[in-house]
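In: need a structure here:
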Amino acid sequence: MNSKKFLKFYAAVLLALIASVSITAQTPQQAAETYNWAIKNYKNDIDAAIDSLEKFEKTSTQLIEEGELEGKIKEQIEQLQKKSHKHLPTLYYKSAVKLYKQRRTDMAINRFKKTVEIAKKFNNEKAVSKAQNILPKLYYKSASEATNMMDYQKAISMYSKAIEYDPEWAKAYLKKAQVYSKDGSDAKMIETVHKAIEVAKRTDDQKTLQNARRMGQTYYWRIGAKAISNSENEAALEAFNKAMDFDPQDGFSYYYTALAKNKLFKYKEAIEDGEKGLELLDAEEDKDEIAMIHLQMGIAYSSLGKTEKGCEYLKKAEYGDTAIKARKQQDSFDCTYSNP
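Out: Take a look at the predicted model:
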């Protein structure tokens, strides 16, 4: 070690020793002054006030344990300790709120966690409750920020923390599922979607319930559509059935199962699914979906040799984006129709 490095090392050790001696050598008066400074200055520098109270806690406890205090002086220091135990959790909480307002989310999380730790230590249940109530929201916010930065592992971790603090927060499960989807973790995504649905039902969160069901359905509809394009029709039907499990009362799901059953030549079953779907769909609100089901029913009836009824459904399917496909099928089954 050269002389310059040795001097720097020696100076650092010397400063550490001085700091250690100053703590152990504090008098009761100095300890009290440390407490008073914190109480007077916390509005101007809350973090310095916290450090000062922490120093008071350490030195006053040390003085008492070493038997340095007695009589009225000991009583006065113990009274200041009781006040410090009340003030410290509050100051930690205020400091955490300050960081939150400055949008320093991760730092605010750590400070709220410290608030919980200190509040529990001094049996301040109110401060514990306040900090624990805001922590899941901060973890949620941190997860959202991480998702925007495409840091999916951090996002998943933060949503997990939010759920840990609030296990009945259905939306947090759904958001976590969406991150799994972005990360390509499909199995974990589906597992978390099911959990979101379970919690949403229990807490009567209808919006999250609807969104979670649609997310699960869409995933399996996409899997089924890919299988259809590869002529893997049995796999497609399996996927479409899994999609239906998310919401058997969703009439549009029956379009997909009817589609797969037509591909598998299960025409009677396709017609049955189409009829179930039509019963569940709204004639005014779901015209596009109804047209798609009419198309599959028209194909099924026509394929069974019931051309007249099949063509009737194919003509009904002439709506919106389904119109072109309906007309092609009419040509295929030799239906008679007039162009509009």
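In: mind listing what's buried along the helix or strand harbouring Ala227?
Out: Per DSSP states H and E: Ala227 is located in helix 206-229. Residues of helix 206-229 classed as buried by neighbour count (16 or more other CB atoms under 10 Å): 208-209, 211-213, 215-217, 219-221, 223-225, 227-228. All C-beta spots, glycine's among them, are computed from the backbone N, C-alpha and C.
In: do stretch 180-198 as well
Out: 180-181, 183, 185, 188-190, 192-197.
In: now do the helices in the stretch 151-300 of the chain.
Out: 152-165, 170-183, 186-203, 206-229, 233-246, 253-263, 267-280, 287-303 (DSSP state H, counting those that start in this stretch).
In: could those helices go into CSV alongside mean pLDDT and distance to Arg327?
Out: Shown next, in CSV, are the helices of the stretch 151-300 of the chain (pLDDT from 0 to 100; distance: least, CB to CB, whole Å):
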stretch, mean pLDDT, distance to Arg327
helix 152-165, 98, 45
helix 170-183, 98, 37
helix 186-203, 98, 37
helix 206-229, 98, 21
helix 233-246, 98, 24
helix 253-263, 98, 18
helix 267-280, 98, 19
helix 287-303, 98, 10
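In: quick one: these as JSON lines, columns for distance to Lys141 too.
Out: Shown next, in JSON lines, are the helices of the stretch 151-300 of the chain (distance: least, CB to CB, whole Å):
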{"stretch": "helix 152-165", "distance to Lys141": "8"}
{"stretch": "helix 170-183", "distance to Lys141": "11"}
{"stretch": "helix 186-203", "distance to Lys141": "19"}
{"stretch": "helix 206-229", "distance to Lys141": "18"}
{"stretch": "helix 233-246", "distance to Lys141": "29"}
{"stretch": "helix 253-263", "distance to Lys141": "35"}
{"stretch": "helix 267-280", "distance to Lys141": "39"}
{"stretch": "helix 287-303", "distance to Lys141": "37"}
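In: figure out which of the ones you listed is closest to Lys309.
Out: Closest of the helices of the stretch 151-300 of the chain to Lys309 is helix 287-303, at 4.6 Å (criterion: CB to CB).
In: and the closest one, what other elements does it pack with?
Out: Applying 3 or more CB pairs under 8 Å, 6 or more residues apart in numbering; DSSP states H and E, we find helix 287-303 packed against helix 253-263, helix 267-280, helix 307-316, helix 323-332.
In: for that helix, C-alpha coordinates in PDB please.
Out: The C-alpha coordinates for helix 287-303 follow below in PDB (Å, rounded to 0.1, in the frame of the first residue of the first chain):
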ATOM      1  CA  LYS A 287     -75.300  -7.900 -35.100                       C
ATOM      2  CA  ASP A 288     -71.800  -8.700 -36.200                       C
ATOM      3  CA  GLU A 289     -71.500 -11.700 -33.900                       C
ATOM      4  CA  ILE A 290     -74.900 -13.000 -35.000                       C
ATOM      5  CA  ALA A 291     -74.000 -12.700 -38.600                       C
ATOM      6  CA  MET A 292     -70.900 -14.900 -37.900                       C
ATOM      7  CA  ILE A 293     -73.000 -17.500 -36.200                       C
ATOM      8  CA  HIS A 294     -75.500 -17.400 -39.000                       C
ATOM      9  CA  LEU A 295     -72.700 -18.200 -41.400                       C
ATOM     10  CA  GLN A 296     -71.600 -21.300 -39.500                       C
ATOM     11  CA  MET A 297     -75.200 -22.500 -39.200                       C
ATOM     12  CA  GLY A 298     -75.700 -21.900 -43.000                       C
ATOM     13  CA  ILE A 299     -72.700 -24.000 -43.700                       C
ATOM     14  CA  ALA A 300     -73.800 -26.800 -41.400                       C
ATOM     15  CA  TYR A 301     -77.400 -27.000 -42.700                       C
ATOM     16  CA  SER A 302     -76.200 -26.900 -46.300                       C
ATOM     17  CA  SER A 303     -73.600 -29.600 -45.600                       C
END
